[in-house]
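Chemist: The following comprises the amino acid sequence and a computationally predicted model.
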Number of protein chains: 2
Amino acid sequence: MDRWLVVGAGFAGAVLAERLASQLGALVTVIDRRPHIAGNAYDRRDAAGVLMHQYGPHIFHTNSEAVFEYLSQFTAWRFYEHRVLAVVDGQLTPIPINLTTVNQLYGLSLEPDELEAWFAARAEPVAEICTSEDVVVSRVGRELYEKFFRGYTRKQWGLDPSELDKSVTARVPVRTDRDDRYFQDRFQFMPRDGYTAMFEQMLNHPSIEVRLGVDYKEVAGEFEDAQVIFTGPIDEFFDFRFGALPYRSLRFEHVTLDQEQFQPVGTVNYPQTEAYTRITEYKHLTGQEHPKTTLTYEYPTAEGDPYYPIPRAENRALYKRYEALALETPRVHFVGRLASYQYYNMDQVVAQALATFRRIAEAR
Amino acid sequence: MDRWLVVGAGFAGAVLAERLASQLGALVTVIDRRPHIAGNAYDRRDAAGVLMHQYGPHIFHTNSEAVFEYLSQFTAWRFYEHRVLAVVDGQLTPIPINLTTVNQLYGLSLEPDELEAWFAARAEPVAEICTSEDVVVSRVGRELYEKFFRGYTRKQWGLDPSELDKSVTARVPVRTDRDDRYFQDRFQFMPRDGYTAMFEQMLNHPSIEVRLGVDYKEVAGEFEDAQVIFTGPIDEFFDFRFGALPYRSLRFEHVTLDQEQFQPVGTVNYPQTEAYTRITEYKHLTGQEHPKTTLTYEYPTAEGDPYYPIPRAENRALYKRYEALALETPRVHFVGRLASYQYYNMDQVVAQALATFRRIAEAR
Ligand SMILES: Cc1cc2nc3c(=O)[nH]c(=O)nc-3n(C[C@H](O)[C@H](O)[C@H](O)COP(=O)(O)OP(=O)(O)OC[C@H]3O[C@@H](n4cnc5c(N)ncnc54)[C@H](O)[C@@H]3O)c2cc1C
Ligand SMILES: Cc1cc2nc3c(=O)[nH]c(=O)nc-3n(C[C@H](O)[C@H](O)[C@H](O)COP(=O)(O)OP(=O)(O)OC[C@H]3O[C@@H](n4cnc5c(N)ncnc54)[C@H](O)[C@@H]3O)c2cc1C
């Protein structure tokens, strides 16, 4: 009988545990050093009974039918398209910047075909686009850059956009129509009963055993003959022998208010003022009806849990050295965002885990 | 206070009742002469406990984000893409006809770009496309026409395709790739807890009263001052004064078997043999796990409940005479498939009802 140890009960670990048990008939032990399953997607009811996300808001969106179909085995869905507003010059205005944003902030009544010219008139020519600042300034000009991007990026990364690789801002598009959805993916849904409930379904298999509050180091000896899926930090696995991979972290402040609603949409961004970058109100995401409401304030920090790999060339090079070690490590498969040192959305992690499973199955 | 009578608790009636109550604060009475809500979309657990559809299989699919978003207020969703196989020459093969179908039936291994030429070589030139037969024969030739369409259409309509307007077969496309989904709409989902549960949510409003087993004629007097939404047959409303609008009907045979699964997909069509046109196994649609399984056999009939308006020019002309009367009838709004004498899918009825509501609201 195949014996597997899966380190980490987040998306990467849970998908692989589920596939190995249900498709290959393997005997799987899943461990996580945290006291719960679901990794960073963990959600729970707080003291007031409001369903909230322990590690900041997680909104599911994907263009992959295969990923959506796979997860649909374990949950029903609530249709939810995320919308975000930003507080800019004291006004609440849509982000990503769209036609409404520009008309509102500048008191205009442009039509879609006029906005492109409006941007073009403000865009600053940049000889070669290298940094995040270049990306934005060359598209919409310095004024919108300063209103929406500069302060937010400094808070988020602790770096000025001029010091950050262009790839970071590739994720913040500008729209010339009135589409105010934060994402444009084909499938935008929340797991109907939450993420943790979906993970319970995935791991609910007679040949999957789950042990929580257990670190890999504590049990590695017990699984010397097993195959291992490792979804933790790759540098930690190798005892940081080349040094630690740098991450940006967050401090979450969860607040429950004795009122039904706090803000008009799921997330409000604060690109200019405040020490936090954004406030999320979960009831918009979950559709829960409740007399109270729970919010999360996100404060970016240098220290803390590893959340965002810092996208600089030297960090990538350092990761590549660890990756070379990983390729030489028999029995161990490295999967997920921490083992890949890569910011992945949930659907990308699922796709990566399914691809890893296919490779494992084909190698038999 | 606004007083409304809604005749019919199907999609048309339930959407309007919900909107009138929740958006205009109206006092609404919904009646249906059947002993249940949900109209033809009614589903229930049968004696064995299997969730089934009383009036034949209803699969929800739409390209309208507005319709999907509207219904999402009342249900969570199960991702489900319908697939249909046809029994042709003793083989089970995908329908609509696609690359797999042709390769399988003819023992070929064509690639997508070759199939178009294969069809072209078989297509019969038709001077002017008038009938359903013309549509199919001019596209894929006589042989596939006879295998897939001729017998099915004769059973379904009691008419030869050469006697049926081309619009009937506009609904049966042919594909040159391997896509074997029956529908290609953007949103393909079943209401997670069934249609009836969704309707219960829609009608669950303090100012909506539901009375079942009640015909319009019985209560018309009581509602002489109310506005009326009428979703029943338009010819019946006017006492058939120009004659009855012709419909094709179905007889459903519901069978529960003491086995887990009966067929590999939700629906299997029988275009050549058997008196029934198709068999549907509900567990594929609902995802229910159960040791037994329930099927519905559909037998097309001339007599019975009005299901499919017969698409012929003279019938349309007859409907137009009733429509003229309807336009002159104060207080009464005619909505839905029976009042429009039009085959509508569920999402189209929802869209029509929402548009009717907007007109009512704007007229205030
Ligand atoms: C603030 C924030 C917001 C996000 N929002 C979104 C969003 O809206 N949409 C989206 O698609 N994605 C979002 N993401 C990304 C999402 O969180 C990740 O894609 C996903 O959680 C990655 O899954 P994973 O399994 O790779 O890692 P994780 O979820 O981090 O799981 C890894 C698990 O391994 C455990 N572990 C690590 N090392 C060990 C060890 N040595 N022994 C035992 N256990 C160990 C950890 O405790 C952890 O539970 C967000 C991320 C953050 C940080
Ligand atoms: C066999 C079959 C399969 C179908 N499959 C699909 C599918 O897969 N996908 C899809 O999108 N659509 C499907 N449809 C279409 C779908 O059923 C209709 O779009 C939808 O039910 C129409 O809603 P409605 O409210 O207009 O009419 P109905 O659902 O028929 O509701 C009208 C209601 O009015 C009541 N009524 C009528 N007259 C009176 C009166 N005088 N007094 C009191 N009550 C009255 C009736 O009892 C009925 O309940 C299918 C239809 C059939 C027949």
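Modeler: In hand now; what should we look at? Numbering: from 1, shown residues only, chains lettered A, B, ... in the order given. Ligands and ions are numbered 1, 2, ... in the order given.
Chemist: list the helices and strands the longest helix along chain A packs on?
Modeler: Determined from DSSP state H, the single longest helix within chain A is helix A:346-362. Identification of packing neighbours for helix A:346-362 by 3 or more C-beta pairs under 8 Å, 6 or more residues apart in numbering or on different chains; DSSP states H and E yields helix A:11-24, helix A:65-72. Every C-beta, even on glycine, is put in place using the N, C-alpha and C of the backbone.
Chemist: Tell me where the stretch 151-300 of chain A has strands.
Modeler: Per DSSP state E, counting those that start in this stretch, the stretch 151-300 of chain A carries strands over the ranges A:187-191, A:208-212, A:227-230, A:247-257, A:267-269, A:278-281, A:293-301.
Chemist: could those go into JSON lines alongside mean neighbour count?
Modeler: Compiled in JSON lines, these are given as follows (neighbours: other C-beta atoms under 10 Å in any protein chain shown):
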{"stretch": "strand A:187-191", "mean neighbour count": "22"}
{"stretch": "strand A:208-212", "mean neighbour count": "16"}
{"stretch": "strand A:227-230", "mean neighbour count": "22"}
{"stretch": "strand A:247-257", "mean neighbour count": "16"}
{"stretch": "strand A:267-269", "mean neighbour count": "21"}
{"stretch": "strand A:278-281", "mean neighbour count": "23"}
{"stretch": "strand A:293-301", "mean neighbour count": "20"}
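Chemist: who in chain A is up against chain B?
Modeler: Contact residues (C-beta under 8 Å from any C-beta of the partner chain) of chain A with chain B: A:Phe68, A:Glu69, A:Ser72, A:Ala76, A:Trp77, A:Arg78, A:Phe79, A:Arg186, A:Phe189, A:Arg192.
Chemist: Tell me the spacing between the closest residue to A:Gln261 other than its chain neighbours and chain B.
Modeler: Once flanking residues are discounted, A:Gln261 sits nearest to A:Thr293: 6.0 Å by C-beta to C-beta, 6 or more residues apart in numbering or on different chains. A:Thr293 is 19 Å from chain B, where distance means C-beta to the nearest C-beta, to the nearest Å.
Chemist: is it true that A:Thr293 touches A:Val50?
Modeler: Yes. A:Thr293 lies in contact with A:Val50 (C-beta atoms under 8 Å); the separation is 6.6 Å.
Chemist: and for these two, which residues touch both?
Modeler: A:Thr256, A:Tyr282, A:Lys283 (C-beta atoms under 8 Å, 6 or more residues apart in numbering or on different chains).
Chemist: From these, pick the one nearest ligand 2.
Modeler: Distance to ligand 2 across these (C-beta to the nearest ligand atom) is lowest for A:Lys283, with 31.4 Å.
Chemist: what about that closest one, how many neighbours?
Modeler: The local packing of A:Lys283 (other C-beta atoms under 10 Å in any protein chain shown) involves 20 other residues.
Chemist: likewise A:Leu115?
Modeler: Neighbourhood size, A:Leu115 [other C-beta under 10 Å]: 21.
Chemist: My understanding was that it contacts A:Leu99; is that so?
Modeler: Yes. Counting by C-beta under 8 Å, A:Leu115 touches A:Leu99, with 5.4 Å between them.
Chemist: if I look at the two, which residues touch both of them?
Modeler: Counting by C-beta under 8 Å, 6+ apart, the common neighbours of A:Leu115 and A:Leu99 are A:Thr176.
Chemist: Reformat the strands of the stretch 151-300 of chain A as CSV; add distance to ligand 1 and mean pLDDT.
Modeler: Listed next are those as CSV, based on distance: least, C-beta to the nearest ligand atom, whole Å; pLDDT from 0 to 100:
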stretch, distance to ligand 1, mean pLDDT
strand A:187-191, 10, 97
strand A:208-212, 9, 98
strand A:227-230, 8, 98
strand A:247-257, 6, 96
strand A:267-269, 9, 97
strand A:278-281, 9, 98
strand A:293-301, 7, 96
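Chemist: Looking at these, which is nearest to ligand 2?
Modeler: Taking C-beta to the nearest ligand atom, strand A:187-191 is the member of those nearest to ligand 2, at 20.4 Å.
Chemist: Can you give the distance of that closest one from its chain's centre?
Modeler: Relative to its parent chain, strand A:187-191 has a centroid offset of 14 Å by C-alpha atoms, centre = their mean, to the nearest Å.
Chemist: residues in contact with A:Glu18?
Modeler: Per C-beta under 8 Å, 6+ apart, neighbours of A:Glu18: A:Met202, A:Leu203, A:His205, A:Ile208.
Chemist: ok, now with 6 Å
Modeler: Contacts for A:Glu18 were tallied using C-beta atoms under 6 Å, 6 or more residues apart in numbering or on different chains; they are A:Met202.
Chemist: Could you check how far it is from A:Gln54?
Modeler: Going from A:Glu18 to A:Gln54 by C-beta to C-beta, to the nearest Å gives 22 Å.
Chemist: Return the most buried member of the helices and strands packed on helix A:346-362.
Modeler: For these, the largest average neighbour count (mean count of other C-beta atoms under 10 Å in any protein chain shown) is found in helix A:11-24, namely a mean of 24.
Chemist: what angle do that helix and helix A:346-362 make?
Modeler: 40 degrees (axes from the mean of the first three to the mean of the last three C-alpha atoms, to 10 degrees).
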